[in-house]
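**Student:** Pasting a predicted model and its sequence here:
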Amino acid sequence: MRKIFLMVFVLVFFSVSAVSANEDVMTPSGIPYTELKDRVDEYVSKYIGTSTAGANVVIVKDGELFMNTSYGYADIENQIKVTPDTVFDWGSVTKLLVWASVMQLVEQGKLELTEDIRTYLPDGFLTKLQYNAPITMLNLMHHNAGWEDRYLDLFYKSANEIKPLEEMLHIVKSSQVHEPGSIVAYSNYGVALAALIVEHLTGQPFYEYVNEHIFSILNMKDTSIHPTQQDNLNIATKRDAVFGYHGSEGELSISKNERIYIGMYPAGSAIGTIADLAKFMTALMPIDGENSPLFQNNRTLEEMLTTSDFYDNGLPRNAHGFWEGLYAVDVLGHAGNTDSFSSNFIFSKDNKLGVIIMTNQKNEVALSYGLPTLLYGEYSPANENQAMPHVQKHEGSYYFARQPYKGFSKLYGALNITNIEITEPNRMNAFGVTYEQIAQYLYQSTDGSNDHLHMTLNNGQIEKISTLTSDMIPVSQSSKIFKLLSILAVTFSILYTVITLVISLIQSINNRKKTVQSTTSKKWEAILLLANIVPVINLIILFYRAFNYTPYAALRIHLWINYAYLGIVAVCIVALLVEWRKITTTRGQKIRYALSCVSAILIVILIFGWELYY
């Protein structure tokens with residue numbers, strides 16, 4: 001019996017030793033560490049100069065920099081190469097500084113993750129709440145507090161537009177549109193709220209707190225989080241030497257916005273070198289026996305990096321603000337995008353292995369999402385032989401829960417509809433990408449980006465489809481009908497207005513030759529039709545300016561124009577009604593005047609229906 005026990009012990013010991021040895025010499029994807037740098041160089045070389053201008057890549061292993069390599073150009077025109085000293089925008093990777101700060105306060109007993117955040121905010125600070133349910137710090141971490149998204153006043157082209165964080169949150173004031181905990185919708189506003197709570201609990205501006213309690217502790221001298229880099233002017237100077245780029249497939253063009261500034265800066269304003277960011281990553285993966293310098297006790301770090309939110313299918317989704325990707329091993333991290341920069345920050349705490357990708361390219365995908373897959377391997381479900389349900393009946397139109405719901409910008413969301421098409425029993429197309437079902441109601445992209453879609457059913461019908469950072473909700477039939485009627489209404493109004501004005505112009509020219517004078521009714525009709533053109537042109541200019549980061553305060557003039565249009569329509573319709581009583585009109589004239597009024601009334605209805613007045 002002792003011999004059998006000894007044999008089992010030896011087998012287990014050597015099996016564990018073999019696994020440990022394998023982890024020491026190979027990445028989770030099976031690449032020997034001795035070959036990893038060459039494999040990364042080979043992979044990156046396929047995309048530098050074609051789909052991205054430049055990049056820095058860092059791999060951290062067992063508390064040390066395994067590699068720190070630069071590729072491409074910070075300035076293509078002047079052939080200035082990316083170096084390890086090049087600074088990049090972190091984008092939303094900055095949010096991890098908020099969650100680390102929050103957990104520091106939790107450790108000190110100053111903050112409870114399950115307490116209603118209104119406890120820590122000034123009385124009456126949150127004024128656009130739809131539900132009475134408490135909003136906790138965990139809701140902010142999980143991005144399920146229910147906030148709508150805001151496209152306005154996120155980016156500015158001038159540093160002069162930046163205000164203190166509390167004032168910025170008063171300017172933005174997102175509305176709550178979902179019950180807390182019910183829907184995940186990525187929220188910059190929610191993260192900025194969490195940072196404001198840090199300010200109120202510590203008595204410091206958030207950037208000062210981060211500089212003192214994170215950057216100084218980790219010796220991160222080459223990073224700034226201040227929205228205009230006033231906390232580190234050296235970084236401001238270095239940032240001016242780096243250009244961001246748009247485009248792909250070799251057609252790279254420099255961004256028209258040389259610099260952008262982020263009002264809700266805790267959500268995405270950090271700028272620095274990749275080596276500095278690697279120091280932050282290393283602090284999240286202390287080697288065995290050492291304490292993270294960010295916390296008094298590693299128990300706080302372990303709590304922060306423990307799953308706190310799950311998909312409806314039970315898979316991990318979020319660990320106190322750190323998103324949990326699906327790879328061959330468990331990973332945590334956060335990606336980031338600004339106007340012209342992209343980044344990704346992913347690490348496996350179990351393997352003590354992390355990778356950071358920073359690029360000066362807008363919406364860069366190949367490196368930011370391809371390299372983590374190269375390093376960690378693709379996710380495989382535990383039960384690969386389970387029966388896959390056919391979901392043909394679930395194809396249709398979906399909208400992202402992360403979108404504006406109030407004001408004129410909600411029209412953005414109406415234009416951002418995703419169509420799900422089931423092409424084969426276990427395949428579907430979405431966002432121009434093919435997804436394959438790898439587990440029940442779990443789909444994986446086939447383009448190498450390792451993206452996943454999770455389906456949630458309710459009584460056999462799709463309730464939502466979840467991406468990593470936002471849920472997608474089926475477009476309701478009433479919404480489809482309203483959008484269709486809106487398209488028909490605006491098409492009719494524009495076409496009728498243009499055609500009628502052209503006919504009126506021709507008739508006016510002909511009548512001038514015959515010395516026939518226009519009636520008062522025709523003059524009022526002409527004013528009404530000319531006014532119909534105004535909101536259309538106004539809307540085009542409004543959205544053009546909004547897309548170019550114009551502050552909401554500067555856009556109000558367009559809303560006032562819409563108010564003026566409503567007044568003109570009211571006056572014109574009343575005047576036409578009065579004139580009809582005074583004069584005798586033919587049936588054809590009555591129909592024409594009625595249709596002219598209808599064309600204006602339809603535009604008025606659309607202005608109210610799409611909230612184009614605020």
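**Tutor:** Great, that's in hand.
**Student:** only C-alpha atoms for contact and neighbour calcs from this point on.
**Tutor:** Will do.
**Student:** any idea how far the closest residue to residue 305 other than its chain neighbours is from residue 99?
**Tutor:** Distances taken as CA to CA, 6 or more residues apart in numbering place residue 319 nearest to residue 305, at 5.3 Å, with adjacent residues excluded. Look at residue 319 and residue 99: by CA to CA, to the nearest Å, they are 10 Å apart.
**Student:** swap in residue 255?
**Tutor:** The gap separating residue 255 from residue 99 is 31 Å, by CA to CA.
**Student:** can you check residue 536 too?
**Tutor:** 44 Å.
**Student:** coming back round to it: give me phi/psi at the residue nearest to residue 305?
**Tutor:** Backbone torsions of residue 319, given as degrees, to the nearest 10, read phi -120, psi 90.
**Student:** OK, contacts around it?
**Tutor:** The neighbours of residue 319, taking CA atoms under 8 Å, 6 or more residues apart in numbering as the test, are 304, 305, 306, 307, 308, 309, 332.
**Student:** remind me which residues of the chain are low pLDDT?
**Tutor:** Within the chain, the stretches with pLDDT under 70 are 1-24, 248-249, 384, 392-393, 512-518, 584.
**Student:** Just give me the longest strand of it.
**Tutor:** With secondary structure taken from DSSP state E, the chain has its longest strand at strand 64-75.
**Student:** So what are the sheet partners of that one and their directions?
**Tutor:** strand 54-61 (antiparallel), strand 80-81 (antiparallel) (DSSP bridges).
**Student:** What segments of the stretch 101-250 of the chain are strands?
**Tutor:** Secondary structure of the stretch 101-250 of the chain (DSSP state E, counting those that start in this stretch): strands located at 155-156, 223-224, 245-246.
**Student:** Go through those strands and pick out the most buried.
**Tutor:** Across the strands of the stretch 101-250 of the chain, the average number of neighbours (mean count of other CA atoms under 10 Å) peaks for strand 223-224, which reaches a mean of 27.
**Student:** Give me the neighbour count for residue 433.
**Tutor:** 12 (other CA atoms under 10 Å).
**Student:** Contacts only, for it.
**Tutor:** So residue 433 contacts 445, 446, 447 (CA under 8 Å, 6+ apart).
**Student:** my read: the second one touches residue 436, true?
**Tutor:** Read that as residue 446. Yes: between residue 446 and residue 436 there is a contact under CA atoms under 8 Å: 6.8 Å.
**Student:** And those two? Which one has more around it.
**Tutor:** Neighbour count, other CA under 10 Å: between residue 446 and residue 436, residue 436 has more, with 19 against 14.
**Student:** leaving aside the residues next to it on the chain, what's closest to that one?
**Tutor:** Leaving aside its sequence neighbours, residue 436 sits nearest to residue 427 (CA to CA, 6+ apart; 4.5 Å).
**Student:** circling back: looking at the contacts of residue 319, which is nearest residue 582?
**Tutor:** Checking those against residue 582 by CA to CA gives residue 309 as the nearest, at 70.3 Å.
**Student:** Distance of the closest one relative to residue 469?
**Tutor:** Distance from residue 309 to residue 469, by CA to CA: 12 Å.
**Student:** of the two, who's got more company?
**Tutor:** Counted by other CA under 10 Å, residue 309 and residue 469 do not tie: residue 309 has more neighbours, with 22 against 19.
**Student:** Beta-bridge partners for the residue lying closest to the more buried one once chain neighbours are set aside, please?
**Tutor:** Once flanking residues are discounted, residue 309 sits nearest to residue 318: 5.0 Å by CA to CA, 6+ apart. Per DSSP bridges, the residues bridged to residue 318 are residue 309, residue 323.
**Student:** what's the helix or strand where residue 302 lies in contact with?
**Tutor:** Here residue 302, judged by DSSP states H and E, is contained in helix 298-304. For helix 298-304, the external contacting residues (CA under 8 Å, 6+ apart) are 100, 103, 104, 107, 284, 291, 292, 295, 319, 320.
**Student:** Repeat that for stretch 370-390.
**Tutor:** With contacts defined as CA under 8 Å, 6+ apart, stretch 370-390 is touched by 27-31, 40, 43, 326-329, 346, 355, 425-426, 437-441, 448-450.
**Student:** at 6 Å instead, please
**Tutor:** 28, 29, 326, 327, 328, 425, 440, 449 (CA atoms under 6 Å, 6 or more residues apart in numbering).
**Student:** Could I have the CA atoms of that stretch written out in PDB?
**Tutor:** Only the C-alpha atoms of stretch 370-390 are listed here, as PDB (Å, rounded to 0.1, in the frame of the first residue of the first chain):
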ATOM      1  CA  GLY A 370      -4.000  40.100 -32.200                       C
ATOM      2  CA  LEU A 371      -0.900  40.100 -30.000                       C
ATOM      3  CA  PRO A 372      -2.800  39.100 -26.800                       C
ATOM      4  CA  THR A 373      -4.200  36.100 -28.700                       C
ATOM      5  CA  LEU A 374      -0.700  35.300 -29.900                       C
ATOM      6  CA  LEU A 375       0.500  35.400 -26.300                       C
ATOM      7  CA  TYR A 376      -2.400  33.800 -24.400                       C
ATOM      8  CA  GLY A 377      -4.000  31.500 -27.000                       C
ATOM      9  CA  GLU A 378      -7.600  31.300 -28.000                       C
ATOM     10  CA  TYR A 379     -10.400  30.400 -25.600                       C
ATOM     11  CA  SER A 380     -11.800  26.800 -25.700                       C
ATOM     12  CA  PRO A 381     -15.000  26.000 -23.800                       C
ATOM     13  CA  ALA A 382     -14.800  23.300 -21.100                       C
ATOM     14  CA  ASN A 383     -17.300  21.100 -22.900                       C
ATOM     15  CA  GLU A 384     -16.500  21.300 -26.600                       C
ATOM     16  CA  ASN A 385     -18.800  18.400 -27.600                       C
ATOM     17  CA  GLN A 386     -22.100  19.900 -26.300                       C
ATOM     18  CA  ALA A 387     -25.000  20.300 -28.700                       C
ATOM     19  CA  MET A 388     -25.100  23.700 -30.300                       C
ATOM     20  CA  PRO A 389     -28.600  25.200 -30.600                       C
ATOM     21  CA  HIS A 390     -29.700  26.600 -34.000                       C
END
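**Student:** buried ones in that stretch?
**Tutor:** Buried positions in stretch 370-390, judged by neighbour count with 16 or more other CA atoms under 10 Å: 370, 371, 372, 373, 374, 375, 376, 377, 378, 379.
**Student:** Stretch 70-84 too?
**Tutor:** Of the residues in stretch 70-84, those buried (16+ other CA under 10 Å) are 70, 71, 72, 73, 74, 75, 76, 81, 82, 83, 84.
**Student:** what does stretch 331-351 give?
**Tutor:** For stretch 331-351, a neighbour-count test (16+ other CA under 10 Å) marks 331-349, 351 as buried.
**Student:** about what we covered before: and residue 255 and residue 99? Which one has more around it.
**Tutor:** Using other CA under 10 Å, the more surrounded residue of residue 255 and residue 99 is residue 99, with 22 against 18.
**Student:** Surely that one is in a helix?
**Tutor:** Yes: the assignment for residue 99 is a helix, going by DSSP: H, G, I helix; E, B strand; the rest coil.
**Student:** From residue 63, how far off is the residue lying closest to it once chain neighbours are set aside?
**Tutor:** The spatial neighbour of residue 99 that comes closest, neighbours along the chain excluded (CA to CA, 6+ apart), is residue 321 at 6.2 Å. Residue 321 sits at a distance of 22 Å from residue 63 (criterion: CA to CA).
**Student:** of those two, who's got more company?
**Tutor:** The neighbour count for residue 321 versus residue 63, taken as other CA under 10 Å, is higher for residue 321 (29 against 19).
**Student:** Any buried residues in the strand or helix carrying residue 546, and which?
**Tutor:** Per DSSP H and E, residue 546 falls inside helix 520-547. In terms of neighbour count (16+ other CA under 10 Å), helix 520-547 has its buried residues at 521, 524-526, 528-529, 531-533, 535, 538-539, 542-543, 546.
**Student:** ok, now stretch 166-177?
**Tutor:** So, applying 16+ other CA under 10 Å, buried residues of stretch 166-177: 166, 168, 169, 171, 172, 173, 174, 175, 176, 177.
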